[in-house]
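>>> test case, fold it:
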Amino acid sequence: MRSLCAFFVPTAVALGGVVAMASAQAADPMKVGFMYIGPAGGAGWSHAHELARQEVQKKFGNKVETIFVENVAENDAERVTRDLAAQGAKVIFGGAFPFMNGMHRVARDFPKVAFEHATGFKGAPNLGLYDIRTYEGACLNGTIAGHMSKSNTIGVVAPVPIPEIVRNINAFTLCARAVNPKVQTRLLWVNTFYDPPKEAEAAKTLINQGADVLMQNTDSPAPLQVAKERGAYGFGWDTDMSQWGGAQQLAAARLDWSGYYSKVVGEVLAGTWKPGNVWLGMKDGAIHYDHFSAKLPANVRKAVEQRGKDIASGKQPVFAGTVRDQSGKVRISGAELPDADKLQMNWLVEGVIGNLPR
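Numbering: from 1, shown residues only. All right, here's what the predicted structure looks like:
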């Protein structure tokens with residue numbers, strides 16, 4: 001299931017199914033490793049990281065050799081990280097939350113390697129953290145869903161109950177109810193980030209429960225395919241998925257990791273890299289909201305584009321004003337919720353039908 005691929009200009013030599021590249025340059029290229037939780041091709045979270053890897057290779061040319069391992073399971077993250085480091089990778093990017101503990105352990109054993117982990121919270125002297133505010137894209141999905149739902153029921157196919165996912169569910173719901181207070185969000189957990197059959201079944205169940213607009217926080221386009229088949233609407237999540245959803249994809253919230261990856265690689269090449277804790281958003285160009293459907297009315301497109309501008313400028317943050325949880329308790333009042341609280345979000349907003357697994 002996993003594949004290890006190397007990409008750069010010089011001559012390729014096949015060794016036991018693994019592609020090794022022999023540099024024609026006097027100086028060997030710096031190896032840069034990437035780990036993905038799902039398949040590199042296709043669509044979704046892992047594909048967004050893969051597109052960014054390709055941009056890094058283009059930008060630095062024969063100065064670097066980028067390699068990746070896809071479909072990495074949580075219980076295999078330490079082994080894969082250790083193997084990349086043993087191969088000589090000077091930078092290793094772990095593109096998923098479940099890789100955190102494994103990367104944290106390996107970083108101690110390779111102090112001269114720069115490790116970067118996406119979405120986690122455990123840092124180290126040579127382990128940096130980075131993330132994208134995906135909840136901003138979820139808010140824009142909600143803005144459209146609130147306008148487009150005829151049943152006043154929208155749905156989310158959710159993977160696992162970590163704060164990142166909870167923020168997205170809440171943002172989707174809040175922004176939908178901001179334009180249509182009658183909307184409710186039905187929630188189904190599939191307990192995996194990538195399992196197309198399970199994602200498809202969850203989407204069918206949500207539609208059977210009355211949802212006519214779906215958002216998935218999982219990695220495959222399966223929920224969008226189901227939406228297309230059943231006459232409902234959906235969104236491209238992390239990448240454009242219109243190849244599978246056609247005009248039923250109302251828009252796409254695309255993640256762009258390339259700027260950050262290029263920055264880190266450039267710093268490691270220059271010997272100036274230091275681990276940090278970075279959270280990028282629309283204002284940084286890390287989220288592109290586009291690929292609008294021809295079925296999206298002009299007034300709805302105008303509304304969502306304006307909301308996007310207001311998020312990027314800070315004029316209208318997602319988590320601000322009066323926000324209540326499912327029990328009616330006020331969780332946010334007035335000013336924008338501090339990032340520290342967003343990062344620990346473990347409650348669902350009013351309007352969500354479903355629970356957080358314990």
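>>> dump the residue contacts of Glu199.
Contacts for Glu199 (C-beta atoms under 8 Å, 6 or more residues apart in numbering) come out as Val157, Val190, Gln216, Thr218, Ser220, Ala222, Pro223. In this view, the C-beta of every residue, glycine as well, is placed from N, C-alpha and C.
>>> pLDDT score assigned to the residue lying closest to it once chain neighbours are set aside?
Leaving aside its sequence neighbours, Glu199 sits nearest to Ala222 (C-beta to C-beta, 6 or more residues apart in numbering; 4.1 Å). Looking at Ala222, its pLDDT reads 98.
>>> Asn141 now?
99.
>>> what's it in contact with, if anything?
Counted by C-beta under 8 Å, 6+ apart, Asn141 has contacts Phe172, Cys175, Met215, Phe235, Ala251, Ala253.
>>> partner strands of the helix or strand hosting the last one, parallel or antiparallel?
Right, Ala253. Using DSSP states H and E, Ala253 falls within strand 249-255. Its sheet considered, strand 249-255 pairs with strand 234-238 (parallel), strand 287-290 (antiparallel) by DSSP bridges.
>>> packing partners for the helix or strand just after the shortest one?
Going down the chain from strand 287-290, the next helix or strand is helix 298-313, by DSSP H and E. Here helix 298-313 is seen to pack against helix 134-148, strand 287-290 when contacts are counted using 3 or more C-beta pairs under 8 Å, 6 or more residues apart in numbering; DSSP states H and E.
>>> deepest of the ones you listed, which one?
Among those, ranked by average contacts under mean count of other C-beta atoms under 10 Å, first place goes to helix 134-148 (a mean of 27).
>>> ok, then the element right after that one?
strand 153-158.
>>> what lines up beside that next one in the sheet?
strand 184-189 (parallel), strand 213-216 (parallel).
>>> what's Gln249 in contact with, if anything?
Gln249 neighbours (C-beta under 8 Å, 6+ apart): Leu224, Tyr233, Gly234, Phe235, Gly236, Asp240, Met241, Ser242, His291, Ser293.
>>> check the nearest residue to the fifth one once chain neighbours are set aside and give its pLDDT.
For Gly236, the nearest residue in space outside its immediate sequence neighbours is Ala252; the separation is 2.9 Å by C-beta to C-beta, 6+ apart. Model confidence at Ala252, given as pLDDT, is 98.
>>> so in terms of bridging, what pairs with Ala252?
The partner list for Ala252 in beta bridges (DSSP bridges) reads Gly236, Asp290.
>>> before we move on, back to that, buried set for the next helix or strand after the strand holding Ala253?
Using DSSP H and E, the helix or strand that follows strand 249-255 in sequence is helix 258-270. For helix 258-270, the neighbour count (16 or more other C-beta atoms under 10 Å) marks Ser258, Tyr260, Tyr261, Ser262, Val264, Val265, Gly266, Val268, Leu269 as buried.
>>> isn't the first one up against Lys58?
It refers to Ser258. No - the pair Ser258 and Lys58 fails to qualify as a contact (C-beta atoms under 8 Å) at a distance of 9.3 Å.
>>> sorry, back to before: pipe the buried residues of helix 258-270 into CSV and attach pLDDT and distance to Asn152 per row.
Shown next, in CSV, are the buried residues of helix 258-270 (pLDDT from 0 to 100; distance: C-beta to C-beta, whole Å):
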residue, pLDDT, distance to Asn152
Ser258, 98, 39
Tyr260, 98, 38
Tyr261, 98, 41
Ser262, 98, 44
Val264, 98, 44
Val265, 98, 47
Gly266, 98, 49
Val268, 98, 51
Leu269, 98, 53
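>>> output the contacts of Glu199 in JSON lines; the columns should cover distance to Gly94.
Below are the contacts of Glu199 laid out as JSON lines (distance: C-beta to C-beta, whole Å):
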{"residue": "Val157", "distance to Gly94": "24"}
{"residue": "Val190", "distance to Gly94": "22"}
{"residue": "Gln216", "distance to Gly94": "22"}
{"residue": "Thr218", "distance to Gly94": "19"}
{"residue": "Ser220", "distance to Gly94": "20"}
{"residue": "Ala222", "distance to Gly94": "25"}
{"residue": "Pro223", "distance to Gly94": "26"}
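>>> just the buried residues from those, in PyMOL please.
Selection command for PyMOL covering only the buried members of the contacts of Glu199, criterion 16+ other C-beta under 10 Å:
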select buried, resi 157+190+216+218+220+222+223
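>>> ok, of the contacts of Glu199, which one's closest to Asp28?
For these, the closest approach to Asp28 (C-beta to C-beta) belongs to Ser220, at 37.1 Å.
>>> quick one: what helix or strand has the closest one in it?
Counting by DSSP H and E, Ser220 is found in no helix or strand.
>>> OK, contacts around it?
Gly38, Gly42, Ala43, Gly44, Tyr194, Asp195, Pro196, Glu199.
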